[in-house]
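**Student:** Here is my input, please return the structure:
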Amino acid sequence: MKTCKHFPLCGGCRYQDIPYPEQLRMKESRIKEMIDLFELSVELKPINHYQEWFYRNKMEFTFSSDEKNVLICGLHKKDKTREIFNLEECLIFSPQAGTILNLIREFFKESHPPYNKFNHQGFLRHLIIRETKTTGQLMIGLVTSTSDKLDKKAFLEKLFSLKLDHKLKSVYWIMNNRLADAVIFENKDLLWGDPFITEKLGNLNFRIFIDCFFQTNPRGIENLYQKVQKYAGLSGKEKIFDLYCGVGSIGLFLAREARFVWGVEIKKEVVDNALVNAQLNNIDNISFICSDVRKFLAQSDISNIDIVVINPPRSGLSKKIKRCLLRTPPPVIFYSSCNPQSFFTDLKDFSSHYKIEFIEPFDFFPHTPHLECLALLKRFQ
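**Tutor:** Below is the predicted model of the structure:
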């Protein structure tokens, strides 16, 4: 059975030693147990699954050094999360990951020290790689402190020397002096290329910028959106709220067959990205509002809204948001989440006003315990 050379050292893909069909059975069983635990009477549709290897479109790697002070760039160890190991391949991300990381390590090994998150000294912090799965484009983002200077010309020449299957379209330098051990876009500099790469879902194009969130598994999310489109059975008269809309992907899928869609997202740069995507696809019956979802719902009249689409953060919906929605319950809710615990908690709270037509799992994350779920809720008459 195929496993990554870093398994089980890496903490990312805990299920790699389990045959994939068995992984799917385990995930389906878990959802069945949750249905019983929350005492829901609902149809469970078969689990959807896709390409099990090389499906992720983004990874973030961390710089460190070993006991001999040799530069490392890779991921956190499974049982020693303070330690980083040198990554040479990543079977859930890209066949090109090892090649890129080897070149980066070679380029910086003599010139710049890694950032130390304990004493906050050093230069190299993280490396971001984004790879589109339908258009074959690459984006690279180097994250550093401002403690030293980057030789931009030499760095770009090194990247251009790479022989890759995907086309390098964009290179960023991100500067971050925050104490938190996370990728924070305190300042960014486009060193070369376009400020975005383009992913295609169905017949829609989406521009992906270095700092925006885009669903991890493009093939899987395209299938989920197409299913929502089918289940919604739109006639062209529907008014839709798309809550936590991100870069507008699901809203744009639905807008072409609806009367109007309002997308709500709290981050201005993400709303700006969504507007770009609407213009790119010549869709003008959609609007994006930069707002906290709770505040938006509290100030909105949802009595004439036909469908609400919700894809919240992993923590799910707050009690206040659920109260806003249930004050004047819309006829139809599509709810999707990558966290089964919060997903079922919220469904249980909605079940006093809605019939849960079905739950449908989507395995966007093969070889990991994670799972996306979709539910269709219809208001009791």
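**Student:** OK, contacts around residue 82?
**Tutor:** For residue 82, the contacting residues are residue 76, by C-beta atoms under 8 Å, 6 or more residues apart in numbering. Where you see a C-beta, it was placed from the backbone N, CA and C, and this is true even at glycine.
**Student:** Check it and give its pLDDT.
**Tutor:** Reported pLDDT at residue 82 in the predicted model: 77.
**Student:** What helix or strand is it located in?
**Tutor:** Per DSSP states H and E: residue 82 is located in neither a helix nor a strand.
**Student:** how close does it sit to residue 166?
**Tutor:** 32 Å (C-beta to C-beta, to the nearest Å).
**Student:** Equivalent analysis for residue 193, please.
**Tutor:** Counting by C-beta to C-beta - residue 193 and residue 166 are separated by 13 Å.
**Student:** What strand or helix carries residue 205?
**Tutor:** Element membership for residue 205, per DSSP H and E: strand 204-209.
**Student:** Could you list the low-pLDDT ranges of the chain?
**Tutor:** Where the chain drops to pLDDT under 70, the residues are 1-2, 81.
**Student:** Mind listing residues that contact stretch 203-213?
**Tutor:** For stretch 203-213, contacts defined as C-beta under 8 Å, 6+ apart pick out 57, 128, 130, 132, 139, 141, 170, 172, 174, 185, 188, 195-200, 214, 246-247, 249, 252-253, 269-270, 273, 276-277, 280-281.
**Student:** What remains of those if I keep only buried residues?
**Tutor:** 57, 128, 130, 132, 139, 141, 170, 172, 174, 185, 188, 196-199, 214, 246-247, 249, 252-253, 270, 273, 276-277, 281 (16 or more other C-beta atoms under 10 Å).
**Student:** pretty sure residue 126 is in a helix, no?
**Tutor:** No - read with DSSP: H, G, I helix; E, B strand; the rest coil, residue 126 is strand and lies in no helix.
**Student:** thinking again about what came up before, and the strand holding residue 205, which strands flank it?
**Tutor:** When sheet partners are counted by DSSP bridges, strand 204-209 sits next to strand 196-201 (antiparallel).
**Student:** Now do the end-to-end distance for stretch 36-55.
**Tutor:** Start to finish, the residues bounding stretch 36-55 are 31 Å apart (C-alpha to C-alpha, to the nearest Å).
**Student:** just stretch 323-335 next, same as before
**Tutor:** Distance between the two ends of stretch 323-335: 16 Å, counting by C-alpha to C-alpha.
**Student:** what does stretch 261-270 give?
**Tutor:** 17 Å.
**Student:** Buried residues in it, which are they?
**Tutor:** Residues of stretch 261-270 classed as buried by neighbour count (16+ other C-beta under 10 Å): 261, 262, 263, 264, 265, 270.
**Student:** thought the fourth one was touching residue 243?
**Tutor:** Yes - when contacts are counted by C-beta atoms under 8 Å, residue 264 is listed as touching residue 243 (5.2 Å).
**Student:** Pull up the overlap in contacts between those two.
**Tutor:** Common neighbours of residue 264 and residue 243 (C-beta under 8 Å, 6+ apart) are 293, 296.
**Student:** for the stretch 201-350 of the chain, what spans make up the helices?
**Tutor:** 218-232, 249-255, 268-280, 293-298, 319-327, 340-350 (DSSP state H, counting those that start in this stretch).
**Student:** Tell me the helix or strand right after the last one.
**Tutor:** Read in the C-terminal direction, the helix or strand following helix 340-350 is strand 354-362, with elements assigned using DSSP H and E.
**Student:** That following strand to helix 319-327, inter-axis angle?
**Tutor:** With axes from the mean of the first three to the mean of the last three C-alpha atoms, to 10 degrees defining the directions, strand 354-362 sits at 120 degrees from helix 319-327.
**Student:** Return the angle between stretch directions for strand 354-362 and helix 218-232.
**Tutor:** Going by the same axes, to 10 degrees, strand 354-362 makes 150 degrees with helix 218-232.
**Student:** Heading C-terminal from strand 354-362, find the next helix or strand.
**Tutor:** strand 372-379.
**Student:** Identify the residues contacting that following strand?
**Tutor:** If you take C-beta under 8 Å, 6+ apart as the criterion, strand 372-379 is touched by 31, 42, 220, 224, 227-228, 231, 329-338, 340, 343, 347, 350, 353-365.
**Student:** what about residue 340, neighbour count?
**Tutor:** When counting by other C-beta atoms under 10 Å, one arrives at 20 neighbours for residue 340.
**Student:** Actually, residue 26.
**Tutor:** Using other C-beta under 10 Å, residue 26 has 13 other residues around it.
**Student:** looking at this, it is in a helix?
**Tutor:** Yes - secondary structure of residue 26 (three-state DSSP): part of a helix.
**Student:** right, and it touches residue 20 too?
**Tutor:** No - here residue 26 does not reach residue 20: they are 10.5 Å apart, not a contact under C-beta under 8 Å.
**Student:** End to end on stretch 148-166, go ahead and measure it.
**Tutor:** In stretch 148-166, first residue to last residue: 31 Å (C-alpha to C-alpha).
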